[in-house]
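**Student:** My questions are about this predicted structure, shown below with the sequence.
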Amino acid sequence: MKSRRCLIPADGFYEWMRTGKAKQPYCFEVNEGELFAFAGIWDRWKDASGNTVETCSILTTTPNAVASAVHDRMPVILDPHGYDLWLDPGMKDVSAASDLLKPCDARLMTVLSR
């Protein structure tokens, strides 16, 4: 969290609800399908063959009222006003970065059953 923060662009994400043995997919969108960004972290490392590998992970948080009906977590969807702070390489304050990792405003989200 002190460094290597990134934005991962998306226009939606899926979560699956298990009902018995079946899984029902649900598509979540923000602002009716507008592009948004997940809070991510990245790393660069060498595999056993010495090849450089770049990876990233999407951070998760507790679900908002829309997502909680389907799953017990959701990806962190950053408020666009927080993008610059999240990406600022000079910002090493983990507490300040963590303050951005909250559920998206449920009023901005819709969910569609697929």
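**Tutor:** Good, I have the coordinates. Note that this is a predicted model, so its numbers are computed, not measured.

**Student:** Run a quick neighbour tally on the closest residue to His71 other than its chain neighbours.
**Tutor:** Nearest residue to His71, sequence neighbours excluded (Cβ to Cβ, 6 or more residues apart in numbering): Glu15, at 4.2 Å. All C-beta spots, glycine's among them, are computed from the backbone N, C-alpha and C. When counting by other Cβ atoms under 10 Å, one arrives at 20 neighbours for Glu15.

**Student:** what's the distance between Glu15 and Lys21?
**Tutor:** Glu15 is 18 Å from Lys21, where distance means Cβ to Cβ, to the nearest Å.

**Student:** following the longest strand along the chain, which helix or strand shows up next?
**Tutor:** Counting residues, the longest strand in the chain under DSSP state E turns out to be strand 36-46. Note on strand 36-46: by DSSP states H and E, the next helix or strand toward the C-terminus is strand 52-58.

**Student:** Extract the C-alpha set from that next one and format it as PDB.
**Tutor:** The C-alpha atoms that make up strand 52-58 are tabulated as PDB, following Å, rounded to 0.1, in the frame of the first residue of the first chain:
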ATOM      1  CA  THR A  52      10.100 -10.700 -15.700                       C
ATOM      2  CA  VAL A  53       6.400 -11.000 -14.800                       C
ATOM      3  CA  GLU A  54       4.200  -8.100 -14.000                       C
ATOM      4  CA  THR A  55       1.000  -8.800 -12.000                       C
ATOM      5  CA  CYS A  56      -1.800  -6.800 -10.400                       C
ATOM      6  CA  SER A  57      -4.600  -7.500  -7.900                       C
ATOM      7  CA  ILE A  58      -7.900  -5.800  -7.400                       C
END
